[in-house]
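Participant: this is the structure alone, sequence omitted:
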């Protein structure tokens, strides 16, 4: 049980941590000052939520019998963020995709936000009090995120010819990474059975509805559900992941065991 | 101002920091439309929980009085002391007035 | 307007300043006052925005999640401060677009300090402690500057900046009492950022021809040298507390003046960086141009969509 809860919490955390890392790359390089600030707010929200989840994951693991570090106390948020290897990260591949142009960044966030909001809403009713509390805080932020990315996507889709093309291209490129958001496996099944995780099919339904609504208002074409990428939840990532971690972890790893 | 039609117009931002207080001018920003202006205002001017409600108005829609009118506008109020409650002498002992 | 009229207006203007009344956008002001302010405030705005670059490039590498969050929030504040200041420039009739074009073309200046590279994590500490520390000296003074919109922007900025210097000093303090390698990193950062930080206060009073006029107009209220000396006096003590050494062999307490005596700034280096030959001048401008150019279609799309939406609303 606690192993599955650890893994499940870590998945939630890793999605947000890596997305935040990507969004952080934009800081100082946004298309306009106001949007630079907005994007950084998102990065901060995701990071804050990731930190709460990582801390909780560490606590869950610390209590479990299988914990390798049980004697040394629970792993901290930083242990989990900085000292795991590529294969130990469980985020979906969507969030590790490069920022690309602003359309790619917005579409990536939109695809994620439309999943994240209903997930957090449902998680507030989780039988795990800690996850429910984290989700409760998250819902407010996630509501704003989805609004922000939807509005931008509509602006792009229904803006200029160039913005329309860029948005459609981004959507077509990234669609293949959306299947992974709704994958189920033994961990998720156990969590759902325990009333900790919500029914992923219902999340998918909500997500799909948002897709139809927003994409139609944006005059964009919803791509067909062709081949879907997979692997992230098992630690099988794209080649981007190694570079993300190299950049994120190098200072911490160069000075093992110190305070910052 | 600039002639480029692709520049976002300037908006003035007014924020009510707490329910019951006035909306107060806090600054300005650029946005393509009102909705974006409100969201930008949220992101720019309420990063430290300063806000409860936001008003935005396109800067070009604000009309201001002219400084050279200041004397004729405001000085005549100088001698109307009877508009202030302290002008009046209340009988000793009267309460709640 | 006749010459006598202008002269009278100038006297009235100066009388207002002398009486500590703020000048507001629609007030009459001498052309030179307007020009000086537009130049100074836009330089200040550009400095905030360019200043995001050397720090921003450490966001993805911050060594703990707490530090990453702090740095994100801090660099985001700089964007906000740039925005407030561009707005203050706009009250003088110069659009943000014009102001930014001057930056992108290389015509406008910004604080030279941001043309130095951030080489290690300790540089993020040094920037917060020294660069923000030096900037705050100026900014606190500018909260009382004579031009209303500038003063109001500065009040907001100072309020928000108060954590910036502290987070930097905290980074340095933690490094200084950390492992020997961490301490070395902190000392190295201090060595590299000390002198450029002192240069931030500008030329010496003797070589600062516009200063007197700016003081008379109460745009500035303290001279470059006064501010620099106060900064040194405060910072030396802070360095002692965390056990780092200020890289100035001539630094010595002077019991008579009650100030530190200190060495000399390498003004050749300063002039070189101002002239565009600093370690990162080209990179900084290139990064700003790239962001601006890559953002063009985004800004255009938003305008096009807003127009469509307005039209539909009208038709409905």
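Facilitator: Everything's here; your move. Bear in mind that the values here come from a model prediction, so they are computed numbers and not experimental data. Numbering: from 1, shown residues only, chains lettered A, B, ... in the order given.

Participant: neighbours of residue B:51, how many?
Facilitator: 17 (other CB atoms under 10 Å in any protein chain shown). For the C-beta atoms, the positions are set from N, CA and C on the backbone; glycine is no exception.

Participant: shouldn't it be in contact with residue B:16?
Facilitator: Yes: if you go by CB atoms under 8 Å, residue B:51 and residue B:16 touch, sitting 7.2 Å apart.

Participant: all strands for the stretch 51-200 of chain A, in order.
Facilitator: Per DSSP state E, counting those that start in this stretch, the stretch 51-200 of chain A carries no strands over any range.

Participant: chain B contacts on that one?
Facilitator: A:147, A:148, A:151, A:155 (CB under 8 Å from any CB of the partner chain).

Participant: who wins on neighbours among those?
Facilitator: Counting by other CB under 10 Å, top hit in those: residue A:155 with 27 neighbours.

Participant: leaving out the residues flanking it, which one is nearest to that one?
Facilitator: Counting by CB to CB, 6 or more residues apart in numbering or on different chains, residue A:155 lies nearest to residue C:305, which is 4.3 Å off, once chain neighbours are set aside.

Participant: the one you found should be in a strand, yeah?
Facilitator: No: Residue C:305: not assigned to a strand; according to DSSP: H, G, I helix; E, B strand; the rest coil it is helix.

Participant: that one - how many residues pack around it?
Facilitator: For residue C:305, the neighbour count with other CB under 10 Å is 24.

Participant: what of the one 3 residues further on?
Facilitator: Residue C:308 sits with 13 neighbouring residues when counted by other CB under 10 Å.

Participant: how much space separates it from residue B:57?
Facilitator: Going from residue C:308 to residue B:57 by CB to CB, to the nearest Å gives 22 Å.

Participant: could you pull out the strands for chain B?
Facilitator: Assigned by DSSP state E, the strands in chain B fall at B:10-16, B:24-30, B:53-58.

Participant: residue C:16: neighbour count?
Facilitator: 16.

Participant: chain C contacts on chain B?
Facilitator: Near chain C, when you scan chain B using CB under 8 Å from any CB, you find B:1-2, B:4-8, B:10, B:26-30, B:32-33, B:36, B:44, B:47-48, B:64, B:66-67.

Participant: list the contacts of residue A:132.
Facilitator: A:123, A:124, A:125, A:126 (CB atoms under 8 Å, 6 or more residues apart in numbering or on different chains).

Participant: got a pLDDT number for the third one?
Facilitator: With respect to pLDDT, residue A:125 has a value of 98.

Participant: adding pLDDT, write the residues of the stretch 51-200 of chain A next to chain B out as a markdown table.
Facilitator: Below are those laid out as a markdown table (pLDDT from 0 to 100):
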| residue | pLDDT |
| --- | --- |
| A:147 | 97 |
| A:148 | 96 |
| A:151 | 97 |
| A:155 | 97 |
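
Participant: so of those, which ones are in helices?
Facilitator: A:147, A:148, A:151, A:155 (DSSP state H).

Participant: of those, closest to residue C:248?
Facilitator: Residue C:248 lies nearest to residue A:148 out of these, by CB to CB, at 48.7 Å.

Participant: distance of the residue nearest to residue A:199 when sequence neighbours are not counted from residue A:182?
Facilitator: In space, and not counting its chain neighbours, residue A:199 is closest to residue A:192: 6.1 Å by CB to CB, 6+ apart. For residue A:192, the distance to residue A:182 equals 12 Å [CB to CB].

Participant: same check on residue C:6?
Facilitator: When residue C:6 is compared with residue A:182 (using CB to CB), they lie 73 Å apart.
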